[in-house]
Each structure stands twice: as structure tokens, then as C-alpha cells.
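# Quick one: sequence plus predicted model below, questions after.
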Amino acid sequence: MYSTRQARKRLIRRLRRDNGEALNLVPMIDIFTVLVTFLLMTAVFYRTVILELNLPTAQNNDTPPPPTLQLEVMVRKATIQVADRGSGLLQEFPNSAQGYDLAALSGFLQRVKQRFPEKLDATILLEPDIPYDTLVQVMDTVRVFDVPNSTVRAELFPDVSVGDAPT
């Protein structure tokens, strides 16, 4: 059998031999190269759509407001109200059993657009705790409408601002 001294010498020789060898990284680099190539070839690149929002500015009392329509769409829990900032409430659309009446809102906004064709901006004011999905649906309704018997969408008020509804 081996003595303790011989076993110790063998261990020291083996450790010296292992430390002298270089670590071979070529197989690891090959694997990463194949992995990166595979991921780049199978990646799906999504086209993101960015919708620019304009936040309402603070009103100065020094300058009188222009005598044009300042359209506000207030989304409340039980109703949607369309108002002019200068003259007040224009129309109110109570919720139906299915939710907000966006079709009636779109019809009314089309009539407003016929009266004010140069008007491009509108402000959407939300009560607290209105779901984000509701905001997106109302924004789409205010911005565009579907032309009957066509696949074309026509523009209503494309410059949308978002804010908090007054209580």
C-alpha cells in the first residue's frame, strides 16, 4: 500500500500539473455564437405606435380666451359629458347596460366637427379610478370615426389632451 508521504507527493504533482494547463474557452464561445445567431434570426420585431398627447396648460387671467370652441370630453363613472369650456355642458351620454355609449358620442362629435371643421384639438378629462382601457376607447372615439360603407377612418379631433375632470 501507499504511505502517507507517497500519497502527498502524488497529490502535489497532480496539482502542479493541473495549474499549468490553460482553460479552453473556444467551445463556450462557439455555443454563445450559435445562441446569439439563433435568437437574432427568430426574434420578432414589433412596430410600436406612439400617440403624442398634449397636456392642458394653466390658464392665465391676463389674456382673454379666444371666442372659439374649446371642446372638453369628461369621462365620469356613470356618464360621458361633452362641454365647451366657455359655454358649459353641450351633451350628456349616460351609461347603458353594456357600458359607455361611444357610438352616440361619436355621432355627436361628428355633428360638432361639421359646425367647426377647422377645430383639431379636444381635451379628455377623467374622474379618478377610470380604467385605462376606457381612456383609450374614448381617445379613439374623439380622434377618428369609421366612414359608413367603407374601410376608411375619418379624422375628428386628432390633437388630444388628457387631464383630471373637475368635481
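Arrived safely, thanks for sending. Keep in mind that what you see is a predicted model, and the values were worked out from it rather than measured.
# wait, residue 124 sits on residue 141?
No: the pair residue 124 / residue 141 is not scored as a contact, 9.7 Å apart, by Cβ atoms under 8 Å. Every residue, glycine included, has its C-beta placed from N, CA and C.
# In terms of packing, which of these two has more residues around it?
Remark: of residue 124 and residue 141, residue 124 carries more neighbours, 24 against 21, as counted by other Cβ atoms under 10 Å.
# Need the mean per-residue confidence for the strand or helix carrying that one.
If you go by DSSP states H and E, residue 124 is part of strand 121-126. The average pLDDT within strand 121-126 is 92.
# quick one: buried residues of the helix or strand just after that strand?
Using DSSP H and E, the helix or strand that follows strand 121-126 towards the C-terminus is helix 132-143. Residues of helix 132-143 classed as buried: 134, 137-139, 141-143 (neighbour count, 16 or more other Cβ atoms under 10 Å).
# Next, the angle from helix 132-143 to strand 121-126.
Counting by axes from the mean of the first three to the mean of the last three Cα atoms, to 10 degrees, helix 132-143 lies at 160 degrees to strand 121-126.
# Give me the next element, helix or strand, following the one helix or strand in the chain whose mean pLDDT sits lowest.
The weakest-scoring helix or strand in the chain, judged by mean pLDDT, DSSP states H and E, is helix 4-20 (a mean of 71). Downstream of helix 4-20, the first helix or strand assigned by DSSP H and E is helix 26-42.
# Make a markdown table from the buried residues of helix 132-143 and add pLDDT and distance to residue 150 to it.
As requested, the buried residues of helix 132-143 are arranged in a markdown table below (pLDDT from 0 to 100; distance: Cβ to Cβ, whole Å):
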| residue | pLDDT | distance to residue 150 |
| --- | --- | --- |
| 134 | 91 | 27 |
| 137 | 91 | 21 |
| 138 | 92 | 23 |
| 139 | 92 | 22 |
| 141 | 91 | 18 |
| 142 | 92 | 20 |
| 143 | 91 | 17 |
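# Which of those residues sits closest to residue 90?
Minimum distance to residue 90 across these is 13.6 Å, recorded for residue 142 (Cβ to Cβ).
# OK, contacts around that closest one?
By Cβ atoms under 8 Å, 6 or more residues apart in numbering, the residues touching residue 142 are 73, 105, 109, 122, 124, 156-157, 160.
# Name the residues linked to residue 146 by a beta bridge.
residue 153 (DSSP bridges).
# so it makes contact with residue 156?
No: contact criterion Cβ under 8 Å: residue 146 and residue 156 do not qualify, at 11.1 Å.
# Pick out whichever of the two has more residues nearby.
The residue with more neighbours, out of residue 146 and residue 156, is residue 156; 20 against 11, by other Cβ under 10 Å.
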